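Novice: have a look; sequence and predicted model below, questions after that.
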Amino acid sequence: MTLMVIRSAWKCLYGMRGRAQETQAKPRAARPRHPLGRWAMPLVLALVCTISAQEAKRLFSDDEDAQARLQRGISLYQQTQYAAALEAVEPVAVQYPEQAAAYRLIGLCRLQLKQYAAAAADLRKAAELTRALEKREDAVARLALGKALFLAGDFAAAIPELEFAAARLEVEAATLTLLGYAHYRQGDEAAARQALTQSVARDERQPEAWRLLAELDVAGMTVAPDAAAAKRAAASIEKVNRSEPLLAAGLRGRLLVAQRQFAKAIPELERAVAAQPDNAALLFALGLALSREKRLEQAADTLARAAKLLPNEAGVWRELGYAHERAGQKDAAIAAYEKAAALTGGRDDFVTRALERLRSP
């Protein structure tokens, strides 16, 4: 058909080949210039491209093979055969790049195959095509896009996609947990708490949501302890305890440290550290509790482990210096305090006074 279009357009612009030959046979008559001049061929090509694009757009609904490929891809996806589904549908997107459904399915397959960056690109393309050609938003593609971006570690970009989907779909509780976690990673604790609370209200069997809520509650207690916050944190920790008792032990121990119940905190934290020996937050909390209970040698060893994991955390070095000082280990105390002083630029009055005290004759 495209060849026919070229021929028809050529005839319209230049006339039949026979007429041209007749004109050439006349003795040196001036050859008439076409009014379009040098723009004739570009116009022909533009006309052909336009008609070809329209033809391609019409053809998808008539292309039984392409439609069968798309349906086969959907069927394979539903059977969790994601690689096979991807192989089936990719040629459809190549042949018909305006087909949002093909890009959506490709993105969903890649999401399941843990190809998160590629999945995000395809799902964004599907959403853009739907918006441009159908004048609507594709909530399913945007939800999947939010998940792909989240799993790729792009929390800032994931938030608007997850929020859009959550406002328009009856999303599962796990999606709200993702949204809460994304807000948490972006430092918006209020938005994180709101999304996580919605998640557990929809389905309380969300250990990750409860864990993060408990984390927020314990952190809040550390900053500004009060009875209501302590009660809320304890309730969240008990929810975590149902599925992850060792994780709950660590949270409970940190809560007890925030409440200055150091003796009660130690056994909880020891259980948690045994299961998570490289968890810096647990090691610091345990070292602090041991220090306050005058178990100074254990405190120093535990805090030294925490300092290796958090070398730029002044609070760990300050507490390590305090434990060494109380144990009578002057040189070790000075070294730890000096680390803390360097990290705080000498603005920590407690550390400054400790160094003056230890250095005085």
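Specialist: On my side now, so go ahead. Residues are numbered from 1 along each chain as shown.

Novice: residues in contact with the residue nearest the centre of the chain?
Specialist: Centroid-nearest residue in the chain, with C-alpha atoms, centre = their mean: F150, separated by 1.7 Å. Residues counted as contacts of F150 (C-beta atoms under 8 Å, 6 or more residues apart in numbering) are A158, L162, L178, Y181, A182. Glycine gets a C-beta too; all of them are placed from N, C-alpha and C.

Novice: ok, of those, which one's closest to V240?
Specialist: Ranked by distance to V240 (C-beta to C-beta), these are led by Y181 at 14.8 Å.

Novice: could you measure from that closest one over to A120?
Specialist: 17 Å (C-beta to C-beta, to the nearest Å).

Novice: compare those two (neighbour count), which wins?
Specialist: A120 (26 against 22; other C-beta atoms under 10 Å).

Novice: before we move on, back to that, of the contacts of F150, just say which sits nearest to L355.
Specialist: Checking these against L355 with C-beta to C-beta, the nearest one is Y181 at 40.7 Å.

Novice: right, and the secondary structure at the closest residue to the closest one other than its chain neighbours would be what?
Specialist: Nearest residue to Y181, sequence neighbours excluded (C-beta to C-beta, 6 or more residues apart in numbering): L212, at 6.2 Å. Following DSSP: H, G, I helix; E, B strand; the rest coil, we place L212 in the helix state.

Novice: just checking, L212 touches L178?
Specialist: No: in this structure L212 lies outside contact range of L178 using C-beta atoms under 8 Å: 10.7 Å.

Novice: in the stretch 251-361 of the chain, which spans are helices?
Specialist: 262-275, 280-292, 296-309, 314-326, 330-344, 349-359 (DSSP state H, counting those that start in this stretch).

Novice: nearest to A88, of those helices?
Specialist: helix 262-275 (44.7 Å).

Novice: which ones are touching the residue nearest to Y181?
Specialist: Neighbour list for L212: T177, G180, Y181, Y184, A192, L196 [criterion: C-beta under 8 Å, 6+ apart].

Novice: residues of the strand or helix carrying the first one that come out buried?
Specialist: Going back to what we said before, that points to T177. Taking DSSP states H and E as the criterion, T177 maps to helix 173-185. Going by neighbour count (16 or more other C-beta atoms under 10 Å), the buried part of helix 173-185 is A173, T175, L176, T177, L178, L179, G180, Y181, A182, H183, Y184.

Novice: restrict it to CA atoms and write it as PDB.
Specialist: Extracted as PDB, the C-alpha positions of helix 173-185 are listed here (Å, rounded to 0.1, in the frame of the first residue of the first chain):
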ATOM      1  CA  ALA A 173      -2.000  -3.100  52.800                       C
ATOM      2  CA  ALA A 174       1.500  -4.100  51.700                       C
ATOM      3  CA  THR A 175       1.400  -1.200  49.200                       C
ATOM      4  CA  LEU A 176       0.600   1.300  52.000                       C
ATOM      5  CA  THR A 177       3.500  -0.200  53.900                       C
ATOM      6  CA  LEU A 178       5.800   0.500  51.000                       C
ATOM      7  CA  LEU A 179       4.500   4.100  50.900                       C
ATOM      8  CA  GLY A 180       5.100   4.500  54.600                       C
ATOM      9  CA  TYR A 181       8.600   3.100  54.300                       C
ATOM     10  CA  ALA A 182       9.400   5.500  51.400                       C
ATOM     11  CA  HIS A 183       8.200   8.500  53.400                       C
ATOM     12  CA  TYR A 184      10.300   7.200  56.300                       C
ATOM     13  CA  ARG A 185      13.400   7.000  54.100                       C
END
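
Novice: list the helices and strands that helix packs on?
Specialist: If contacts are counted by 3 or more C-beta pairs under 8 Å, 6 or more residues apart in numbering; DSSP states H and E, helix 173-185 sits against helix 139-151, helix 155-168, helix 189-202, helix 207-223.

Novice: got the contact list for the nearest residue to A165 once chain neighbours are set aside?
Specialist: Spatial nearest neighbour of A165, excluding adjacent residues (C-beta to C-beta, 6+ apart): L143 at 3.5 Å. L143 sits next to E161, L162, F164, A165, L169, V171, T175 when contact means C-beta under 8 Å, 6+ apart.

Novice: any chance you could map the helices in the stretch 1-150 of the chain?
Specialist: Under the criterion DSSP H, counting those that start in this stretch, the stretch 1-150 of the chain contains helices at 2-14, 17-25, 40-62, 64-78, 82-95, 100-112, 116-134, 139-151.

Novice: which of these has the lowest average pLDDT?
Specialist: Out of these, helix 2-14 stands lowest, with a mean of 41 (criterion: mean pLDDT).

Novice: mind listing what Q329 touches?
Specialist: Going by C-beta under 8 Å, 6+ apart, Q329 touches A300.

Novice: state the distance from the spatially closest residue to L283 that is not a sequence neighbour to N279.
Specialist: Leaving aside its sequence neighbours, L283 sits nearest to A306 (C-beta to C-beta, 6+ apart; 3.9 Å). To N279, A306 is 9 Å away according to C-beta to C-beta.

Novice: how about K231?
Specialist: Taking C-beta to C-beta, one finds K231 at 25 Å from N279.

Novice: quick one: which of those two has more around it?
Specialist: Neighbour count, other C-beta under 10 Å: between K231 and N279, N279 has more, with 18 against 11.

Novice: correct me if wrong: V257 contacts A289.
Specialist: Yes: V257 is within contact range of A289, at 5.5 Å (criterion: C-beta under 8 Å).

Novice: need the overlap of contacts for those two.
Specialist: Joint contacts of V257 and A289 (C-beta under 8 Å, 6+ apart) are A265, L269.

Novice: on that earlier part again, dump the helices and strands packed on helix 173-185 to a markdown table, plus distance to A88.
Specialist: Compiled in a markdown table, these are given as follows (distance: least, C-beta to C-beta, whole Å):
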| stretch | distance to A88 |
| --- | --- |
| helix 139-151 | 18 |
| helix 155-168 | 26 |
| helix 189-202 | 35 |
| helix 207-223 | 34 |
